[in-house]
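In: Fold the following, please.
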Amino acid sequence: MKSIIKGKQGGMTDLFLLMILSVAIVFICGIFIFIGGKVTAQIHEKLDGQDNLAGGKNMTQIVENTMGKVNEAYQSLYWISVMLIVGMIVSIFIGSYLVTTKPIFFFPYIFILIIAVIVSVGISNAYEMVISDPTLASTFAGFTGANFIMLQLPIWICVIGFVGGIIMFARMGSKENQIYSGGYG
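Out: Next up is the predicted model:
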């Protein structure tokens, strides 16, 4: 455990990683769900009623047993995306606990937090424009939890940043910090 704590050098960029990875996760999951639905619809359109292609077997049933099952699996991406985002938030708090920092880094941390909140406003607005597009609106409507987080991203970043900072900087004078750094006072 000592080597893990000693090797941890910073946690100030975690908020930016949270924003970037959250957007990427939700968009990738949305693309999978959207494309899965479109492909299934196109396959049904082309193959339904053409039972002679499969040696007399029901093509509708074949499509449902293949692409239908894929689309059912993709439905779990709605909650998996939220769980990944929550996992990243928890990892920020754990990382903040494991970081040993000096008081001089408090002001740069606040400055980085302010920049992160400003950047998150733009990301949140861009996300809102994407999910309100009529083509994608039905796909992203199922991302209830992820939409809540992404549409309120500046508030989330502010709260996560302040809580992470409190965890990081409140630990500075603890006895545990002195034990891990080699001091026994």
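
In: When you work out contacts or count neighbours from here on, use the C-alpha atoms and nothing else.
Out: OK.

In: In the protein, where's the longest helix?
Out: Under DSSP state H, the helix in the chain containing the largest number of residues is helix 14-47.

In: Remind me what that helix packs against, helices and strands.
Out: Judged by 3 or more Cα pairs under 8 Å, 6 or more residues apart in numbering; DSSP states H and E, the packing partners of helix 14-47 are helix 59-74, helix 77-98, helix 106-131, helix 137-140, helix 144-151, helix 153-170.

In: Go through these and name the closest to residue 30.
Out: Counting by Cα to Cα, residue 30 lies closest to helix 137-140 out of the helices and strands packed on helix 14-47; the figure is 6.4 Å.

In: Not counting its own residues, what contacts that closest one?
Out: Helix 137-140 has contacts (Cα atoms under 8 Å, 6 or more residues apart in numbering) with 30, 33-34, 131, 147.

In: Go again with 6 Å.
Out: 34, 131 (Cα atoms under 6 Å, 6 or more residues apart in numbering).

In: Of all the residues in it, which ones are buried?
Out: 139-140 (16 or more other Cα atoms under 10 Å).

In: related to what we said a few turns ago, which of the helices and strands packed on helix 14-47 sits closest to residue 12?
Out: That would be helix 106-131 among these, by Cα to Cα, at 6.3 Å.

In: now the longest helix of the chain against helix 153-170, angle please.
Out: Interaxial angle of helix 14-47 relative to helix 153-170 (axes from the mean of the first three to the mean of the last three Cα atoms, to 10 degrees): 140 degrees.

In: Minimum distance to residue 16: which of the helices and strands packed on helix 14-47 has it?
Out: When the helices and strands packed on helix 14-47 are compared (using Cα to Cα), the closest one is helix 106-131, at 6.5 Å.

In: got the buried residues for the closest one?
Out: Across helix 106-131, burial judged by 16+ other Cα under 10 Å covers 109, 112-114, 116-117, 119-121, 123-124, 127, 131.

In: again with stretch 68-86
Out: For stretch 68-86, a neighbour-count test (16+ other Cα under 10 Å) marks 68, 71, 74-75, 77-78, 80-82, 84-86 as buried.

In: Mind putting the residues you listed into TSV with pLDDT?
Out: Output for the buried residues of stretch 68-86, formatted as TSV (pLDDT from 0 to 100):
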residue	pLDDT
68	83
71	87
74	91
75	91
77	93
78	94
80	95
81	95
82	96
84	96
85	96
86	96
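
In: and which of those is nearest residue 60?
Out: Distances from residue 60 to the buried residues of stretch 68-86, taken by Cα to Cα, are shortest for residue 68, at 10.0 Å.
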